[in-house]
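J.: with the input below, show me the fold.
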Amino acid sequence: MSQNALNLITLLIPALPLLGFVIHILFRDKISEKIAGYHATAWIVISFVCSLILFNHVRSEGAIHVQLFEWFSAGDLSIPFAFQVDQLSVIMLLVITGIGSLIHMYSIGYMHGDDGFNRFFSYLNLFIFFMLTLVMANNYVLMFVGWEGVGLCSYLLIGFWFKNPEYNKAANKAFIMNRIGDLAMLLGLFLLYQYAGTLTFDGVSARFDPSSPDYFAPDTHMVTAITMLLFIGACGKSAQIPLYTWLPDAMAGPTPVSALIHAATMVTAGIYMIVRSNLMFSEAELTMQVITVVGIVTSIFAGAIALKQNDIKKVLAYSTVSQLGLMFFAIGVGAYEAAMFHLVTHAFFKALLFLSAGSVIHGMGGEQDIRKMGGLRSYMKVTHWVFGFGVLAIMAVPPFSGFFSKDTILAAAYVKSPVLWVIGLVSGLFTAYYMMRLYAVVFQGQPRMSEHTKAHIHESPSVMTIPLMVLCALSIVGGLMNIPELFGGNKSMMHFLEGVVPIHEHHVAVSTEWMLMAIASVAIFLVIFIAHRKYRINWVVPESDAEMSGAGKVLNHKFYVDELYEMAIVKPMHMLSNFFYKIIDLKVIDGVVNGTAQFTTWCAGQLRLIQTGTVSFYLFMMALGMGAIVLFIYLM
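T.: Residues are numbered from 1 along each chain as shown. Below is the predicted model of the structure:
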């Protein structure tokens, strides 16, 4: 294929979703719902086909670089508006456009009849455009444009039903908490330019690649400062402690938004950014240790909270935070390829789980409390089966996709330290328990909904179930892309990424690897059995909020972190704002301005008294003035 054709295909990938946004936002009142839904979906499908073409080219020929123009320059700083499609970015392209296409198709049925149907699809197209810009950029500045763009779209989609004040609060919370991380990231980029003299990915990598002629021995303190700031930015976008509380509240948006933005794509931007910067992060040992601790603590912390949540979307939201923590944990131990592997498999099964939850909510007329469900396997058979397979995948049951990606992370952790392997396994056990609990309470047991709701339960239309079945298939076989040598594979994905992401070598005896895998699997099956026995065999229904006590109440209230933030940060900020408004603004600033005006008015009032209208007085003042001038000249 010619270079011009490759350039055109590369440009079409982000351009088509942007075109879709422009068309839908300008003609949203003139396009019918049916045309709008399929039209918006078609743009993403075409982008996916283009991404497949580029994937085949990158696999055989290498990376593609497309520079449109010199964006801006100042002194030695030169930033091109350019795209870079290599092994890492093309995998992200396939995830974004592939899963994005399925979620767009699903949304046609889920959002049917909504007053903002066309507006919703315009926002989805705009989000895809910014996410593609983020992963296709060849420099940190253009990536930051996409980074901010997906934050904007997240705000618009979380608060999509803006007539509900609580949804607006959730949108504001997500936007503000992400601004904290984004400020840190921006400071990190300033330091990075000062240190490396460039902000292109290739230029920065050359500074940290010993085989490059542009390499120089890193300044440990400066590199640590840069990577710490960038990591804080990643914590905001990828919902890690302490900037994680926005993501569970983001479930206020329509369920397809939860699947696309808050499970499969946007929240993985932090992972992508660090993996893209892997050579620099590998030089900052302290930062890597911090990433390891923050990742695993977030994973266990969020997993513990999920144990006692009763909103079907909130359970999956905290599960997402937990799985993202596991990806950061993998990065912290140096297993970048394992983090990317889990990113892809997680996109499959978490999108499936969220969309299946949306199917449940859709079929039950908007109900999200799992205590008011039960027995749905008889009413929603397709949703039941695909949700069940998604649960098996996320619980890491062999041979589903989650088993292979989580095992890769645990193996890397064991190489670093057996203690880290144990801690990582604890996170997996939490996942097995709360997901088995969720499945059993929703789909098994006796129906607990009202007779009116029971009479109207229905399976979702095919436009929603077909994407579910495709995602289900990917959740089952997705692990095949990186089968380890232990099972006769050659870790295809790891070797595909080798040109961009360093391979994390595992020096573990085969017998030890089999033993670790067996221990982990037995432990997971044991936890599944315990949860199954409690919620499926004994039909235990989660208690009401009023009946909760002790540790269960603490977990249900999410360790009271939101209340802590409210007391320690939000209220003091409000008090400080009120002080500055009522004292500094009204009394001091307005006092100075208004006082100046009043003084000027008083002076004018005094001066007007000399305007008597008497000619003799005016002559006297004229003579006095002339005398003063003569005296001044004489004295000079």
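
J.: tell me who's in contact with residue 535.
T.: With contacts taken as C-beta atoms under 8 Å, 6 or more residues apart in numbering, residue 535 has the following neighbours: 436-437, 440-441, 444-445. For every residue, glycine as well, the C-beta is placed using N, CA and C.

J.: the closest residue to residue 500 other than its chain neighbours: which element?
T.: In space, residue 500 comes closest to residue 88 once its chain neighbours are excluded; the distance is 4.4 Å by C-beta to C-beta, 6 or more residues apart in numbering. Using DSSP states H and E, residue 88 maps to helix 87-110.

J.: let me know the next secondary structure element after the helix or strand that contains residue 404.
T.: With elements delineated by DSSP H and E, residue 404 resides in helix 401-416, which encompasses its position. Going down the chain from helix 401-416, the next helix or strand is helix 418-443, by DSSP H and E.

J.: show me what counts as buried in that next one.
T.: Neighbour counts over helix 418-443 (16 or more other C-beta atoms under 10 Å) mark 420-421, 423-425, 427-443 as buried.

J.: about what we covered before: and which of the contacts of residue 535 is nearest residue 52?
T.: Comparing these against residue 52 with C-beta to C-beta picks out residue 436 as the nearest, at 36.0 Å.

J.: distance of the closest one relative to residue 259?
T.: Distance of residue 436 to residue 259, given as C-beta to C-beta, to the nearest Å: 21 Å.

J.: and if you look at residue 72?
T.: In terms of C-beta to C-beta, residue 72 sits 36 Å off from residue 259.

J.: cool, residue 539 as well?
T.: Using C-beta to C-beta, one obtains 30 Å as the distance from residue 539 to residue 259.

J.: those two: who's more crowded?
T.: Set side by side, residue 539 and residue 259 show unequal neighbour counts under other C-beta atoms under 10 Å, the larger going to residue 259 at 31 against 14.

J.: quick one, what contacts the nearest residue to the more buried one once chain neighbours are set aside?
T.: Taking C-beta to C-beta, 6+ apart, and ignoring the residues beside it in sequence, residue 259 has residue 354 as its nearest neighbour in space, at 3.8 Å. Taking C-beta under 8 Å, 6+ apart, we find residue 354 in contact with 255, 258-259, 263, 313, 316.

J.: next secondary structure after the helix holding residue 88?
T.: helix 117-136.

J.: grab the most central residue of the chain for me.
T.: residue 267 (1.9 Å; C-alpha atoms, centre = their mean).

J.: list the residues that contact that residue.
T.: Contact analysis of residue 267 by C-beta under 8 Å, 6+ apart lists 237-239, 247, 261, 320, 324.

J.: at 7 Å instead, please
T.: Applying C-beta atoms under 7 Å, 6 or more residues apart in numbering to residue 267 gives the contacts 237-239, 247, 320, 324.

J.: looking at those, which are in strands?
T.: Secondary structure from DSSP state E places none of those in strands.

J.: and the furthest pair within those residues?
T.: In the contacts of residue 267, two members sit farther apart than any others by C-beta to C-beta. They are 237 and 320, at 12.9 Å.

J.: quick check: residue 66 is in a strand.
T.: Yes - if the criterion is DSSP: H, G, I helix; E, B strand; the rest coil, then residue 66 is within a strand.

J.: neighbours of it, how many?
T.: 19.

J.: what strand or helix carries residue 82?
T.: strand 77-85.

J.: for that strand, which outside residues touch it?
T.: With C-beta under 7 Å, 6+ apart as the test, strand 77-85 has contacts from 10, 54, 58, 63-72, 136-139, 141-142, 193, 199, 201.
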